[in-house]
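Novice: need a 3D model of the sequence below.
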Amino acid sequence: MMAKIQDAGLNGQKNTGSSRETVEYLGHEDKERKEAGKEVVPFTTADGQPVNKEEVIDHIDRNHSHLGKNDTKFLHLVVAPSAKEILAMGKDEQEVYRSSLRLIKRISDAYAKNFHREGIEDSSNLVIYWKAHFSREKDGLQNFHLHAVISRKSKPKGGGVPSVKLNPMTNHKKTDKGPINGGFDRSQFYAECENIFDEEFDYKREVNESFAYKNAMSHGSLEEKSAQTELLVKEQVEKDAQEISAGIARRKKTLRDRKEVAEIAQALSMGHADCKADPLTEAFDRADLKTRIIHIFEAAESQDALDLGLLSLGATCKTRIGQLGGVEEIIVIHRGVKINTADIMTPAEHNRILLRWETLTRQTLEYKLRARQERTQQKPSQVPPRALKIGRGR
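Specialist: Purely as a prediction, here's the structure:
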């Protein structure tokens, strides 16, 4: 996320006089949104309350006491989340805009606190107004960004208490001696804006997209660059480890039960089933095969669909009818290896596919006996007809 304080107006506009030109410019998107039939977002206070642009101009321009003719009268702050960060803020314009109202409140408070001045505690001590933009020369939510116009003077407190000059462009930081009181650490403020965003939207920031990394690489000392590089390397090592773990987790997820794999491996190692590889490796492969076989059985709506699904695995099936007349055993022949489905499935899973097989193929003893009887009745008799004996008369 980019946050930048500018001691100048926009597009070369001066900030030593009226803020009108800058405020008018920040409203340029309003006309475009009206013509497109979209809602126009107003200027807001730090608390997210809508305010008319004429009020913005009036409040900024009237807060000039004790500033010279050529002194800066107002500053411009831009906050631009990356496209990735915008996704963390919401899925559409309305959601992103509502999220931004939470963000501007906290950033405004951080801006005030960073002056380290007595009486400047939070955004209520500032004359600050925000404007959200949804496009930057081209349409698209990915270009959402925020502008703030901030008076150089704090908000008048009334009762004769004078407002104070607030200069974020000073090089003094937390000064409590000499003519300068307070100061402003811009690097600290930019880093704090980033931290606020991460906290607000639970954003997991990578090292190379952090302000600390970019600032060190551009302006830091050799030690600072080295420290950030070490963090980057450490992050990459952790990401690699997480990817490996995720890969293992995905593999295990398809197995449903790690104990099941161990049981298959044990059966293979004890010679209870054919095995052409390391038992544990074979167990993982068979557990994966089991999941795919179950899916094919449950998804098939006909015997042809079942045969086609098994063929897509490079597998065929043989069955055995039990004494009670139902299909008792299914043997899957996969890559030349015979695998009894009872060896790789839980009893519940095995019963499910046995019933599914019977439903799709009608392959039960009762059906076979009936089919055999029908075939027998249709075949012509193989016994030669008996010859008639004609008796002789006496």
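
Novice: so D307 sits in a helix?
Specialist: Yes - looking at D307 with DSSP: H, G, I helix; E, B strand; the rest coil, it is inside a helix.

Novice: distance check, it against E224.
Specialist: Relative to E224, D307 is positioned 67 Å away (Cβ to Cβ, to the nearest Å). In this view, the C-beta of every residue, glycine as well, is placed from N, C-alpha and C.

Novice: and T44, by the same measure?
Specialist: 37 Å.

Novice: what of E199?
Specialist: Distance, E199 to E224, by Cβ to Cβ: 24 Å.

Novice: the more surrounded of these two?
Specialist: Here E199 and E224 are set side by side on neighbour count (other Cβ atoms under 10 Å), and the busier one is E224, at 15 against 10.

Novice: verify the stated contact: the more buried one with Y213.
Specialist: No - assessed by Cβ atoms under 8 Å, E224 is found out of contact with Y213, at 9.8 Å.

Novice: quick check: mean pLDDT of stretch 318-335?
Specialist: For stretch 318-335, mean pLDDT rounds to 76.

Novice: and for stretch 164-182?
Specialist: Averaging pLDDT along stretch 164-182 gives 69.

Novice: what does stretch 123-142 give?
Specialist: Mean pLDDT, stretch 123-142: 81.

Novice: buried set for that stretch?
Specialist: Using 16 or more other Cβ atoms under 10 Å as the test for burial, stretch 123-142 gives 123, 125-135, 141.

Novice: check stretch 295-310 too.
Specialist: So, applying 16+ other Cβ under 10 Å, buried residues of stretch 295-310: I296, F297, A300, L306, D307, G309, L310.

Novice: Provide a list of residues in contact with the fourth one.
Specialist: In this case it means L306. I296, F297, A300, W357, L360, T361 (Cβ atoms under 8 Å, 6 or more residues apart in numbering).

Novice: in three-state terms, label K38 for me.
Specialist: Assignment for K38 (three-state DSSP): coil.

Novice: tell me how many other residues surround it.
Specialist: By other Cβ under 10 Å, the residues close to K38 number 13.

Novice: in space, what's closest to it - neighbours in sequence excluded?
Specialist: Excluding the flanking residues, the one nearest K38 by Cβ to Cβ, 6 or more residues apart in numbering is E93, at 7.7 Å.

Novice: what's the most distant pair in the buried residues of stretch 295-310?
Specialist: F297 and D307 (11.5 Å; Cβ to Cβ).

Novice: need the helices for the stretch 101-250 of the chain, in chain order.
Specialist: Secondary structure of the stretch 101-250 of the chain (DSSP state H, counting those that start in this stretch): helices at 186-201, 211-219, 222-253.

Novice: dump those helices to JSON lines, plus mean pLDDT and distance to R106.
Specialist: Formatted as JSON lines, the helices of the stretch 101-250 of the chain follow (pLDDT from 0 to 100; distance: least, Cβ to Cβ, whole Å):
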{"stretch": "helix 186-201", "mean pLDDT": "94", "distance to R106": "5"}
{"stretch": "helix 211-219", "mean pLDDT": "91", "distance to R106": "16"}
{"stretch": "helix 222-253", "mean pLDDT": "80", "distance to R106": "25"}
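
Novice: and those, which is most packed in?
Specialist: Mean neighbour count (mean count of other Cβ atoms under 10 Å) peaks for helix 186-201 among the helices of the stretch 101-250 of the chain, with a mean of 17.

Novice: for the helix or strand I5 falls within, name the packing helices and strands.
Specialist: In this assignment (DSSP states H and E), I5 forms part of strand 2-6. Judged by 3 or more Cβ pairs under 8 Å, 6 or more residues apart in numbering; DSSP states H and E, strand 2-6 is in contact with strand 74-80, helix 186-201.

Novice: now the shortest one against helix 186-201, angle please.
Specialist: For strand 74-80 against helix 186-201, the angle between stretch directions is 50 degrees (axes from the mean of the first three to the mean of the last three Cα atoms, to 10 degrees).

Novice: which residues are contacting whichever helix or strand comes after strand 74-80?
Specialist: Downstream of strand 74-80, the next assigned helix or strand under DSSP H and E is helix 83-89. Helix 83-89 has contacts (Cβ under 8 Å, 6+ apart) with 1, 81, 95-96, 99-100, 103, 141-142, 144, 197, 201-203, 209.
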